[in-house]
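Visitor: can't give you the sequence, but here's the structure:
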């Protein structure tokens with residue numbers, strides 16, 4: 001069973017006046033098959049955690065450990081983390097002009113699986129995954145995220161998730177900018193992946209609305225760069241009623 005262990009993680013970012021600490025000692029363990037929701041107000045450090053785990057160069061780890069099945073994730077390059085089974089669905093997916101969705105997906109699958117998928121089987125796999133996400137087959141020939149709507153970008157992220165089959169999926173505010181229909185379709189895609197029991201999911205969100213579709217096993221409240229409370233799904237209900245005001249104690253920033 002794959003396990004991601006985050007131990008006393010401290011992360012800083014360069015700012016005017018010198019480095020500024022954003023993560024201030026994060027401890028969290030995510031096991032294969034579990035879904036953890038990370039919730040908290042703007043500026044609490046949730047997205048910083050997501051991008052630091054994926055290896056974004058903007059963020060500097062100043063202390064702590066991140067282990068995946070006992071292997072040191074922080075010593076891995078970004079592509080090595082992806083091959084090891086760490087997946088990040090970005091809040092703001094970037095455009096890749098000149099690269100079609102189909103080529104992008106097959107290249108990514110080849111890198112993660114260690115060999116190119118057999119073309120006939122791969123085409124069938126992609127078509128089935130796209131149909132489940134209510135995506136037009138013509139979408140595969142468009143350039144990655146170029147001219148995509150917010151909903152199309154997020155569906156493309158979940159399409160990658162379904163096809164790449166990571167060990168640990170980090171979903172950074174996948175619900176942001178989605179209308180009700182798109183939120184339902186994206187959530188159904190995430191739940192299909194979860195139902196395999198083979199992926200540990202770290203779901204970063206401000207709001208409880210996505211948790212109406214995706215029931216987490218654990219909910220963690222993030223404030224001032226660390227987890228300040230953990231509980232089950234009922235904690236999300238408490239946050240819906242009471243908000244984050246009682247947890248806000250510092251000025252960490254995402």
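Guide: Perfect, I can see it now. From a predicted model like this one, the values you see are computed outputs, not experimental measurements.
Visitor: quick one, strands of the stretch 51-200 of the chain?
Guide: Applying DSSP state E, counting those that start in this stretch to the stretch 51-200 of the chain gives strands spanning 59-68, 71-72, 86-89, 96-100, 143-144, 168-172, 200-205.
Visitor: now those strands in a markdown table, with mean pLDDT?
Guide: Formatted as a markdown table, the strands of the stretch 51-200 of the chain follow (pLDDT from 0 to 100):
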| stretch | mean pLDDT |
| --- | --- |
| strand 59-68 | 97 |
| strand 71-72 | 96 |
| strand 86-89 | 96 |
| strand 96-100 | 94 |
| strand 143-144 | 95 |
| strand 168-172 | 97 |
| strand 200-205 | 96 |
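Visitor: of those, which approaches residue 51 most closely?
Guide: Nearest to residue 51 among the strands of the stretch 51-200 of the chain is strand 59-68 (6.0 Å), distances taken as Cβ to Cβ. C-beta coordinates here come from the backbone N, C-alpha and C atoms, glycine included.
Visitor: how about the strands of the stretch 51-200 of the chain in JSON lines, adding mean neighbour count?
Guide: Below are these laid out as JSON lines (neighbours: other Cβ atoms under 10 Å):
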{"stretch": "strand 59-68", "mean neighbour count": "17"}
{"stretch": "strand 71-72", "mean neighbour count": "11"}
{"stretch": "strand 86-89", "mean neighbour count": "24"}
{"stretch": "strand 96-100", "mean neighbour count": "12"}
{"stretch": "strand 143-144", "mean neighbour count": "18"}
{"stretch": "strand 168-172", "mean neighbour count": "26"}
{"stretch": "strand 200-205", "mean neighbour count": "25"}
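Visitor: with adjacent residues omitted, what lies nearest to residue 198?
Guide: Among residues not flanking residue 198 along the chain, residue 32 sits closest, at 6.2 Å (Cβ to Cβ, 6 or more residues apart in numbering).
Visitor: should've said residue 229
Guide: Per Cβ to Cβ, 6+ apart, closest to residue 229 is residue 221, 4.4 Å.
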